[in-house]
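Peer 1: Generate a structure from the sequence data that follows.
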Amino acid sequence: MRPRSLWPSVVHVLTSLPVALGGAVLILPVLVVAGISGRPLRAVVAGRTAAQRRRFAALLDVGIAEVTAVRRQTGYHLLAVPVSAAGFAVVAGTASYGLALLVTSRPVGVVPVVVAAGAAPLLARLDAALARRLLGPTAAEALDARLAELARSRARTIEAADAERRRIERDLHDGTQQRLVALALTLGLARTALADGPGRDAVESAHRQAKAVLAELRDFVRGLHPAVLDDRGLDAALSGLVAGLPQPVELHVDVAGRCPPAIEAIAYFVVSETLTNVTRHAHASRVEVVVVRRGDRLRLTVVDDGVGGAAGRAGGGLEGLAQRVAAVDGEFRIESPPGGPTRVEAELPCGS
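Peer 2: Residues are numbered from 1 along each chain as shown. Predicted structure coming up:
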């Protein structure tokens, strides 16, 4: 520790013994009565550990992450008694001896005082190392905690992105799309009112273009996030999707309850993108879509009898779907031998 940490180190070493004794007095009776796995012991140990964490942070600026390892924490609080007693004896005893010599006008007393001052930071570092080892997480626990936090952060990012897509869909649907509808209606009325001639032809052309842009915008909005998915769920959204396809699709949906919105959105887009690929490339006469929920897993299967040969390529739609599914710890598989059939499967977590 740095020299300016001398006095906090001295205070830490001198207060460790009473703090440790207080913890042992509380823990030992509960340990004898309830045992190492009892709930009362967990409550007492948690309280003592929280107090020690605050003390280490305040005096030594040492942060100790929280864990639930009751056995290790109990071991620290009991082991802290002899360790702190030894530290207290070294610092307090040596310093007291040196001060006594100085009071009696013996300059040699400076030596014990200096030794005590040098020992305090060292003992504080040893205590901090022991506390980190027994009160904090192990390397494996720290890694697990980090991975769990990364998973939570990733889930928040996915949810935020899905919420933003829903917002854009609402804005386009309620704003731009409605204005285009009004424009198309106005052009239609103007075309009817005009006599035949160049003016009518120009208005009629504008009317056709407005309707084409409106159709493209509707497809784009539906691709962003279909409103029916939020309102009525996956079954209704997929039913509307397959109804607009040029080839017949057998749809079977067995989903009890609702999955998280982000998961439903990914499931919808997996089916939507796969069916788009079937329409464009497979030359299939039969397509089957099966969506089932079993426990906390949502399973999607799309099978077609087309020409096969589908594969995920860098930057391609199937590769994008695989990345979306992987982003929520799902699984994505493609089986598409030349000549078909093609089978696309995805499995997504669907915890409530």
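
Peer 1: for the lengthiest helix in the chain, packing partners?
Peer 2: Determined from DSSP state H, the single longest helix within the chain is helix 139-171. Under the contact criterion of 3 or more Cβ pairs under 8 Å, 6 or more residues apart in numbering; DSSP states H and E, helix 139-171 touches helix 198-224, helix 227-232, helix 261-277. (Each C-beta comes from the backbone N, C-alpha and C, glycine too.)

Peer 1: who wins for proximity to Thr94 among these?
Peer 2: helix 261-277 (62.6 Å; Cβ to Cβ).

Peer 1: Just the buried residues of that closest one, please?
Peer 2: Residues 261-275, 277 are the ones in helix 261-277 that count as buried (16 or more other Cβ atoms under 10 Å).

Peer 1: Same question for stretch 299-315.
Peer 2: So for stretch 299-315, counting by 16+ other Cβ under 10 Å, buried means Arg299, Leu300, Thr301, Val302, Val303, Asp304, Asp305, Gly306, Val307, Gly308, Ala310, Gly312.

Peer 1: I figured the first one hits Val344, correct?
Peer 2: No - here Arg299 does not reach Val344: they are 11.7 Å apart, not a contact under Cβ atoms under 8 Å.

Peer 1: thought Val110 was touching Ala95?
Peer 2: No - with contact defined as Cβ under 8 Å, Val110 does not reach Ala95; the gap is 11.2 Å.

Peer 1: quick one, which of these two is more surrounded?
Peer 2: Ala95 (21 against 13; other Cβ atoms under 10 Å).

Peer 1: quick one: that one and Ala20, what's the gap?
Peer 2: The spacing between Ala95 and Ala20, counted by Cβ to Cβ, to the nearest Å, is 20 Å.

Peer 1: Likewise for Asp196?
Peer 2: 101 Å.

Peer 1: Using pLDDT, spot the least trustworthy of the buried residues of stretch 299-315.
Peer 2: Lowest pLDDT of the buried residues of stretch 299-315: Gly312, 64.

Peer 1: And Asp196 and Ala20? Which one has more around it.
Peer 2: Using other Cβ under 10 Å, the more surrounded residue of Asp196 and Ala20 is Ala20, with 25 against 7.

Peer 1: Can you tell me the element the more buried one falls in?
Peer 2: Assigned by DSSP states H and E, Ala20 belongs to helix 6-34.

Peer 1: where does the protein dip in pLDDT?
Peer 2: Along the chain, segments meeting pLDDT under 70 span 1-5, 36-37, 173, 219, 221-225, 312-317, 352.

Peer 1: Roughly how far does the closest residue in space to Ala51 that isn't next to it in sequence sit from Asp127?
Peer 2: Residue nearest to Ala51 in three dimensions, not counting chain neighbours: Val19, with 7.5 Å by Cβ to Cβ, 6 or more residues apart in numbering. Distance, Val19 to Asp127, by Cβ to Cβ: 11 Å.

Peer 1: Who has more neighbours out of those two?
Peer 2: Of the pair Val19 and Asp127, Asp127 is the one with more neighbours under other Cβ under 10 Å, namely 24 against 18.

Peer 1: tell me the SS of the nearest residue to Ala256 once chain neighbours are set aside?
Peer 2: Closest residue in space to Ala256, ignoring its immediate chain neighbours: Arg293 at 6.0 Å, by Cβ to Cβ, 6+ apart. Three-state call for Arg293 (DSSP: H, G, I helix; E, B strand; the rest coil): strand.

Peer 1: Where do the domain boundaries of the protein fall?
Peer 2: Using automatic domain parsing, the domain parsing of the chain gives 3-137, 158-224, 227-349.

Peer 1: okay if I get these as a markdown table plus distance to Glu149?
Peer 2: Below are those laid out as a markdown table (distance: least, Cβ to Cβ, whole Å):
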| stretch | distance to Glu149 |
| --- | --- |
| domain 3-137 | 11 |
| domain 158-224 | 15 |
| domain 227-349 | 15 |
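
Peer 1: Please name whichever of those domains is nearest to Ala145.
Peer 2: Once those are compared by Cβ to Cβ, domain 3-137 is nearest, at 6.2 Å.

Peer 1: Could you report the distance from the closest residue to Ala145 other than its chain neighbours to Leu130?
Peer 2: Using Cβ to Cβ, 6+ apart and skipping the chain neighbours, the partner closest in space to Ala145 is Pro137 (6.2 Å). Pro137 is 15 Å from Leu130, where distance means Cβ to Cβ.

Peer 1: who has more neighbours, these two?
Peer 2: Pro137 (20 against 15).

Peer 1: I'd guessed that one sits against Arg72; true?
Peer 2: No - in this structure Pro137 lies outside contact range of Arg72 using Cβ under 8 Å: 9.6 Å.

Peer 1: coming back round to it: surely the residue nearest to Ala145 forms part of a strand?
Peer 2: No - read with three-state DSSP, Pro137 is coil and lies in no strand.
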